[in-house]
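Q: pasting a predicted model and its sequence here:
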Amino acid sequence: MGSDSPIHYKQNRLKQLRAFCHAARTGSVSAAAEKIFLSQPTVSLQIQALEREFATVLFERRGPKIKLTPEGNLLFQLAEPLVEGMDKLHDAFTTQCGRVDQGVLNVAAGESTILYILPEPIRTFIDQFPGIELKLHNVTGRDGLAMIRADEVDLAIGSLLDVPDDITYRPFVAYQPALITPKNHPLANKTAVTLEEIAPYGLILPPRHLSTWRLVDLVFKQHSLAYRVTMEAGGWEVIKKYVELGLGVSIVTDVCLTGNENLGVIPIGQYFPSRSYGIVQRRGKFLSPQTKCFLSTLDHLFANRIVETQPQTVGETKWEDAFLG
C-alpha cells in the first residue's frame, strides 16, 4: 500500500483482536470470555466481525474446542504483539520515564526452584521494587507450561530441556549430581564412588513417574547393575531427612544441598548429567516492565554462572522433568 492509502480505524478493533488472541491462546471461546470478563456470545460476535472484515475463517470449530486455521495463525502472529503492547502501554510509558513503582509480576516455579534458587533474587527484587506486587505460583509439570501458554504468568523459572516450539528457555545456572548418605555410612568419607559401590545399598528416590527415577534406572541398566529402591518420597527436603535417619542413600542434584545437612556428599557427575535452571517464557511474549526488572535482577545475581543451552543426555536419551523440577 502506498503512503496515500487511508488508515481505516475502527473503535472496536482492539476489543475484537483482544478477544481473538485470548481465544487463540486458550483454544476456547468460553475460556477467552472468562479471561477478559465478557460473555461468550460477545466474544463469538467479535471473532465473527474479524472474519467478515478479513473475508476468511480464523478458527476450525470442533465442539467446544477451536483451532486456528492457517489464516487465523497468521493474524494471531501479527495481532498478538499489538494487543500486548496496547495492554502494557501504561507500564511501558512509566518505565521509559524511569518510574517502575507499581504493577504485578506473576512467576511460576517448582518447589525446588522456590526453595533453593529464588530466595535471594526475590529478596533483591522486592528490596529494589517494593511497589511491584510479586505473585509466586508453586506449580509442576504441564500446569506450569499451561500457565505460560495461557498468559497466566509472565515467566517461569525451572528446568526445561526438551523445549517446545512455542516456548523459549534461557538457562542461567547449572547444578551437579551427587550421592548423599548418612554420616556414618561406609561410603560417606569417600571422595569418589562407582556405581558398583552404590548398587548394594537401598535408594530413596522421588516418585517413579519423575525423570530422576527413570534416569537412575537407565544408568544402572547401561552398566548391567541391579539396584533396589527402599523408599519413594516426594521433595528433596523429605529425601534428605530420611537419608539422615539412615533409611537409605539417594542421588540428588546439589542445588538442594546447603552444607548444613548431616550427610555425606559424593559427586557422581561421571555417571549423571548436570541440571540447568533457567527462564521459561512463551515465544514472542511482550515483556512487561516488571518482567524486565525481574530478568535484570536474575542476570545481575547470576552473572558469573550463566550456562549455555546444551543437550543433557545419557546414551541417546534426554533427561529433565517436563518442567520446573
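A: Noted; the coordinates are in hand.
Q: quick check: end-to-end length of stretch 138-152?
A: Terminal residues of stretch 138-152 are spaced 13 Å apart (Cα to Cα, to the nearest Å).
Q: and that stretch, average pLDDT?
A: In this model, stretch 138-152 has a mean pLDDT of 85.
Q: now Y227: how far from Y277?
A: 27 Å (Cβ to Cβ, to the nearest Å). Quick note: C-beta positions are derived from backbone N, CA and C, even for glycine.
Q: between these two, which is the more surrounded one?
A: Here Y227 and Y277 are set side by side on neighbour count (other Cβ atoms under 10 Å), and the busier one is Y277, at 27 against 18.
Q: do I have it right that that one meets Y169?
A: No - with contacts counted by Cβ atoms under 8 Å, Y277 stays clear of Y169, the gap being 10.0 Å.
Q: against W213, how distant is G85?
A: For G85, the distance to W213 under the criterion Cβ to Cβ works out to 44 Å.
Q: ok, these two, which is more surrounded?
A: Neighbour count, other Cβ under 10 Å: between G85 and W213, W213 has more, with 17 against 11.
Q: who are the packing partners of the helix or strand that contains the more buried one?
A: When secondary structure is defined using DSSP states H and E, the element that contains W213 is helix 211-222. Helix 211-222 is packed against strand 203-205, strand 313-314, with contacts defined by 3 or more Cβ pairs under 8 Å, 6 or more residues apart in numbering; DSSP states H and E.
Q: mean pLDDT lowest where, among those?
A: Lowest mean pLDDT within the helices and strands packed on helix 211-222: strand 313-314, a mean of 49.
Q: okay, now the domains of the chain?
A: Taking automatic domain parsing as the reference, the chain has its domains at 13-87, 100-174+276-313, 177-267.
Q: C-alpha coordinates for stretch 155-173, CSV please?
A: Backbone C-alpha positions of stretch 155-173 (Å, rounded to 0.1, in the frame of the first residue of the first chain) are rendered in CSV as follows:
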residue,chain,number,x,y,z
LEU,A,155,7.5,-16.1,33.1
ALA,A,156,8.6,-19.3,34.9
ILE,A,157,11.9,-20.4,36.4
GLY,A,158,12.8,-24.0,36.3
SER,A,159,14.4,-26.9,34.4
LEU,A,160,13.5,-27.4,30.8
LEU,A,161,15.5,-29.4,28.2
ASP,A,162,13.1,-30.6,25.5
VAL,A,163,11.9,-27.1,24.5
PRO,A,164,8.6,-26.9,22.6
ASP,A,165,8.4,-24.7,19.5
ASP,A,166,6.3,-22.1,21.2
ILE,A,167,8.5,-21.8,24.3
THR,A,168,11.9,-20.2,24.9
TYR,A,169,14.3,-21.4,27.6
ARG,A,170,17.4,-19.4,28.7
PRO,A,171,19.4,-21.3,31.4
PHE,A,172,21.4,-19.2,33.8
VAL,A,173,22.7,-21.7,36.3
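Q: return the set of buried residues in that stretch.
A: Residues of stretch 155-173 classed as buried by neighbour count (16 or more other Cβ atoms under 10 Å): 155-161, 167-173.
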